[in-house]
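Peer 1: No sequence on hand, only this structure:
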């Protein structure tokens, strides 16, 4: 049973309309328990109503480059670079972090999945059940004609349906998870349809089963789509699945519903300057992928999208591109669970540049120089790829300031240094689910190497305490006032009272840029002043309004060995000069989901409410020792 305090706080975050809607959902779920769950059937055998019975799928309605020659044969599915796919490939309900499993025979809506230390992190489990491997095996069959891939796909598909009956267990709780599964099933069907035609193998029942399941899941999503305070990135992915299903079956109602809701959500979930209100770069690229996949499909069927799609996605592409450095590094604030919607290779090493390539196919510019990722080569034509390569490349400036979105990205003139500063709101809506209490924190990369790192995400659910620790103020490169967090944590995806951004000023000149940002929380005002000379020197000065115990925090990854001596810290070829004697301890941070690495956390005390650091990013040792901090 969920914690009563969490439930009370969650109810406080809802208005009366949302409470009424959730009551309606409970009534609908009880009806489904009696009419659908009680059938104990896989989704491929759920009886179809008359409308769904009349649907006819056509693989040619889905973007697919039958002539693509840029591919890799699928070997195994990347499970966060932590778990061995060959050991888990049929363990659909594995706990992963434990030897226990999620129950298969429980009505989905009666199953609690959050903070289940007795079983494991449900996000890890869901990665296996998004079925990227199904589309990849169908791809293998298409490109090789080898029956073993078709046999493996059929075996996995049938086994999954046997062990995950419709509305039974953990795989049917989230409509967004159904949405991602729908996209995987659609592309499994497409590869399979082209392959069966190519090899003149028409006696296969798998395409029909796939289409049956897609129709049932799309209809279910329509009834259970995210709304109100839960209508964040989940709603976007759900509507993608409905729209793509509508295109596959040429069901106009689903297409129109999808486009209408996605159009309405653009200004609700994104600032005009291109920053997604979730305050998570990863979730921004996640929703951009959803818009891009559907836009490509609509374009493939000679359908237009509203003009606001181009306006918002252009601004959003610029922001993502600005966060990407020239060495492959990326400035990422907020949650990052490495979610993706379409994966035709079994791994996605660079989701940001993949999404930027997709946007480049649709918009007026290219946003990355990276070679085309396999996904793009399958879902766009040769003509589209040729046109893409002829477009002008968007180049980020030395200063990229997002006043409304709340981020500033800086670069050195030689583009070796990449700096990100967060002066944004906590997150989207009343719950701010994927935000971190990281206001005024900074990240620094030098020649692609992380120098000051974000705490990351690690794991959403197991163990319980790490979710709060890793998104806390003291886990980030900002000021921590002893005993005071910038925002009140009420649950793993729920926030209460939070800091307020008071003011942000930026001054840009030929020789340097200066930023001053101010926030208030817990009766305190924190002001951070940053100065960067576009070369090798970064100065950060902090002050708080009351003389209470507080410290600057700087997190340096272990692979950049840090040596602290009094007021000086040497980190490879980067140096830190503090005004006061600092202390250092080993901590853990996460550079990708499900995995922790060691870092050194340096604490610098504020004296009389003030502290400063000078960071030199060049191969000259302590050249900046004794530098004075200038007023901004």
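Peer 2: Looks like it arrived, so ask away. Just so you know, these numbers come straight off a predicted model, no measurement behind them. Numbering: from 1, shown residues only.

Peer 1: Pull the contacting residues for residue 495.
Peer 2: Counting by Cβ atoms under 8 Å, 6 or more residues apart in numbering, residue 495 makes contact with 426-427, 431-432, 435, 487-489. Using the backbone N, CA and C atoms, a C-beta is placed for each residue, glycine as well.

Peer 1: Could you rerun that using 10 Å?
Peer 2: By Cβ atoms under 10 Å, 6 or more residues apart in numbering, the residues touching residue 495 are 9, 13, 426-427, 430-433, 435-437, 471, 486-489.

Peer 1: Show the buried residues in those residues.
Peer 2: 9, 13, 426-427, 430-433, 435-437, 471, 486-487 (16 or more other Cβ atoms under 10 Å).

Peer 1: right, and out of those residues, which lies closest to residue 114?
Peer 2: residue 433 (12.0 Å; Cβ to Cβ).

Peer 1: Find the nearest non-adjacent residue to the closest one, please.
Peer 2: Of all residues not flanking residue 433 in the chain, residue 493 sits nearest, at 3.9 Å (Cβ to Cβ, 6 or more residues apart in numbering).

Peer 1: One more: residue 276?
Peer 2: Residue 276 sits nearest to residue 284 (Cβ to Cβ, 6+ apart), 3.7 Å away.

Peer 1: what helix or strand does the one you found sit in?
Peer 2: If you go by DSSP states H and E, residue 284 is part of helix 281-300.

Peer 1: what's that helix packed up against?
Peer 2: helix 175-198, helix 233-249, helix 252-269, helix 307-323, helix 351-362, helix 374-379, helix 382-389 (3 or more Cβ pairs under 10 Å, 6 or more residues apart in numbering; DSSP states H and E).

Peer 1: so which of the ones you listed comes closest to residue 35?
Peer 2: helix 175-198 (18.1 Å).

Peer 1: quick revisit: just send the helices and strands packed on helix 281-300 back as TSV, with mean neighbour count, distance to residue 417 and mean pLDDT too.
Peer 2: Converted to TSV, those look like this (neighbours: other Cβ atoms under 10 Å; distance: least, Cβ to Cβ, whole Å; pLDDT from 0 to 100):
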stretch	mean neighbour count	distance to residue 417	mean pLDDT
helix 175-198	24	37	98
helix 233-249	26	31	98
helix 252-269	17	32	98
helix 307-323	20	14	98
helix 351-362	25	19	98
helix 374-379	22	30	98
helix 382-389	14	29	98
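
Peer 1: I'd like the ones you listed as CSV, with distance to residue 545 appended.
Peer 2: Below are the helices and strands packed on helix 281-300 laid out as CSV (distance: least, Cβ to Cβ, whole Å):
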stretch, distance to residue 545
helix 175-198, 42
helix 233-249, 36
helix 252-269, 34
helix 307-323, 31
helix 351-362, 37
helix 374-379, 50
helix 382-389, 51
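
Peer 1: Out of those helices, which gets nearest to residue 58?
Peer 2: For those, proximity to residue 58 was assessed by Cβ to Cβ; helix 233-249 is nearest, at 7.1 Å.

Peer 1: relative to helix 281-300, how tilted is that closest one?
Peer 2: Helix 233-249 runs at 20 degrees relative to helix 281-300, counting by axes from the mean of the first three to the mean of the last three Cα atoms, to 10 degrees.

Peer 1: returning to that earlier point: would you mind stating the distance between the residue nearest to residue 433 and residue 225?
Peer 2: Relative to residue 225, residue 493 is positioned 18 Å away (Cβ to Cβ, to the nearest Å).

Peer 1: what about stretch 302-321, distance to the chain center?
Peer 2: Averaging C-alpha positions (Cα atoms, centre = their mean, to the nearest Å) puts stretch 302-321 18 Å from its chain's average.

Peer 1: Kindly report the same for stretch 219-237.
Peer 2: For stretch 219-237, the distance to the chain centre is 17 Å (Cα atoms, centre = their mean).

Peer 1: what's the answer for stretch 317-324, then?
Peer 2: Mean-position distance between stretch 317-324 and its chain equals 14 Å (Cα atoms, centre = their mean).

Peer 1: mind listing what the closest residue to residue 172 other than its chain neighbours touches?
Peer 2: Leaving aside its sequence neighbours, residue 172 sits nearest to residue 108 (Cβ to Cβ, 6+ apart; 4.0 Å). By Cβ under 10 Å, 6+ apart, the residues touching residue 108 are 29, 32-33, 37, 164-174.
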